[in-house]
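Visitor: build the 3D model from these lines:
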Amino acid sequence: SVSIQDNMLSGNLGSDSGFGSVGYGGGVAVDSSVDVLISNNQVEHNFASASWYSGSGLGGGFFLRHVDGIVVSDNSIYENVATLRTNGGGGGLLLAASQNVLIAGNEVVGNWGTMFQLPASQAHGGASGAGGIGVANVYSATVSGNIIRENTTLVYGAFEASATGGGIVGSDLFENTRLIDNVITGNVACQTNCGTVYSSGGGGYLVGIHGMEVSGNTFADNTASLLDGGGNGGGLHIRQVENSRVHRNHFLRNWGGKEEGSSGGGLSIDYFPPAEQSVTVDANLFLGNLGSPDPSVESQGGAANIAGFDLGESDFLFTNNVLAGNRATTGGGMNLLSVNAGALTNNTLYDNGKVGVLVNYNVPELTLTNNIVVSHTVGISVTEGTTATVSYTLWDDNDTDIGGGGTISHTHPVYGDPAFIDST
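Guide: Next up, the predicted model:
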């Protein structure tokens, strides 16, 4: 077992070797140990790799691998860098290939994954992930009660590179993994020169998820691309997820990107494999999220962009959520496309601009039941070639309640003032 407690770890360097080198853990590296405790340390200004010549870096503050039963708690992880130039992962912390993991009560602030990225066409160029925390290939992990703030995955982009998860990246997570009760604010996937960069998940990026709970978190003021370029999933981007739930989170003032094609200001979910039940999005608050902060730029899904499933017999459920004051040129509240089946039930949509919910192309069957839809230009729009069943909806103060050229079944409407409580 290993115990690392009550230390100041500052100004250390994992590697400054040249071409093809990899630096592991600027502050601390632990590999192949069990029952590890890392607690109450101050870890700042460390580099995993400071090489200018194609040297990769993993874990600017901490690199942790094959560490079953690890606890990382109550550390201050500030302003560490995974790599100076090329690919970086986990500016603050990278944990991989482990099980029974707890990351709790840490402050992860101002860390960078990669300062300067090489183009994807060059050797060792192309991808950067996790400005703050990276967790990969882990069974039964809990990430809880952390402050993850003002981290950046990629500071200066390059041609056809990628930058994911400014605050946190989770990839290939299995069996009862939980992201709960964290404050994830002011994080950036790509900062500048992002025009050809795939920028995704300003607050968080989760991919290859099996049986995960994302609950009780605050995603606020995050963006996938900050100064230029398009971005997807300002608050949180989830891909390839099975049997998981996004529950009781607050998505506040996040935005996708600066340029055309940005989407999912608060939440983006796409590319689902078939599963008995792929995902439930329940009891979340989406307030003031933007596809893009530039209203003249074409963007999709101010609060949420749901796209590209292959659901088969599975379900997508969007229930008991509140969407208010979100904006995008396409689907200010929600944009749904290429969704084979799903249901929107018991949601409240208020003042999300031109369209509250856009049922976009390749949606053969969508059910919307018992929702409240108030103060939009068009409450629900159904694109030609798509089908929606709308029932027991309370409508108020929309210029048009239902529009579009798609196939619509509309039954049991209710009209009247929803009697919202004045927040002032």
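Visitor: torsion angles phi and psi at residue 106?
Guide: Taking degrees, to the nearest 10, you get phi -90, psi 150 for the backbone angles of residue 106.
Visitor: wait, it sits on residue 78?
Guide: No. Using C-beta atoms under 8 Å, residue 106 is not in contact with residue 78; the gap is 10.6 Å. C-beta coordinates here come from the backbone N, C-alpha and C atoms, glycine included.
Visitor: these two: who's more crowded?
Guide: Ranked by neighbour count (other C-beta atoms under 10 Å), residue 106 and residue 78 place residue 106 first, with 29 against 19.
Visitor: residue 157 versus that one, what's the distance?
Guide: Plainly put, residue 106 is 28 Å away from residue 157 if you go by C-beta to C-beta, to the nearest Å.
Visitor: cool, and residue 132?
Guide: Using C-beta to C-beta, residue 132 is found at 18 Å from residue 157.
Visitor: neighbour-wise, which of those two wins?
Guide: Each of residue 132 and residue 157 has its neighbours counted (other C-beta under 10 Å); residue 132 has more, 36 against 29.
Visitor: for the more buried one, which non-adjacent residue is spatially closest?
Guide: residue 151 (3.6 Å; C-beta to C-beta, 6 or more residues apart in numbering).
Visitor: again, but for residue 248
Guide: residue 283 is the one closest to residue 248 (C-beta to C-beta, 6+ apart), at 4.9 Å.
Visitor: show me the helices in this structure, by range?
Guide: Taking DSSP state H as the criterion, the chain contains no helices.
Visitor: flag the helix or strand of it with the lowest per-element mean pLDDT.
Guide: strand 127-129 (a mean of 78; mean pLDDT, DSSP states H and E).
Visitor: any idea how far the residue most central in space within the chain is from residue 168?
Guide: Centroid check for the chain by C-alpha atoms, centre = their mean gives residue 236 as the closest residue, at 1.8 Å. Distance of residue 236 to residue 168, given as C-beta to C-beta: 9 Å.
Visitor: intersection of neighbour lists for these two?
Guide: Shared contacts of residue 236 and residue 168, defined by C-beta atoms under 8 Å, 6 or more residues apart in numbering, comprise 203-205.
Visitor: would a markdown table of the residues you listed with neighbour count be doable?
Guide: Shown next, in a markdown table, are those (neighbours: other C-beta atoms under 10 Å):
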| residue | neighbour count |
| --- | --- |
| 203 | 35 |
| 204 | 32 |
| 205 | 29 |
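Visitor: just the ones in strands from the residues you listed, please.
Guide: Among these, the ones falling in strands (DSSP state E) are 204-205.
Visitor: format the shared contacts of residue 236 and residue 168 as JSON lines; extra columns: pLDDT and distance to residue 117.
Guide: Below are the shared contacts of residue 236 and residue 168 laid out as JSON lines (pLDDT from 0 to 100; distance: C-beta to C-beta, whole Å):
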{"residue": "203", "pLDDT": "98", "distance to residue 117": "20"}
{"residue": "204", "pLDDT": "97", "distance to residue 117": "20"}
{"residue": "205", "pLDDT": "97", "distance to residue 117": "16"}
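Visitor: next up, the contacts around residue 145.
Guide: 104-105, 180-182.
Visitor: redo those as TSV? Include pLDDT and distance to residue 369.
Guide: Listed next are the contacts of residue 145 as TSV, based on pLDDT from 0 to 100; distance: C-beta to C-beta, whole Å:
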residue	pLDDT	distance to residue 369
104	98	38
105	98	40
180	98	29
181	98	30
182	98	32
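Visitor: just among these, which is most surrounded?
Guide: residue 182 (28 neighbours).
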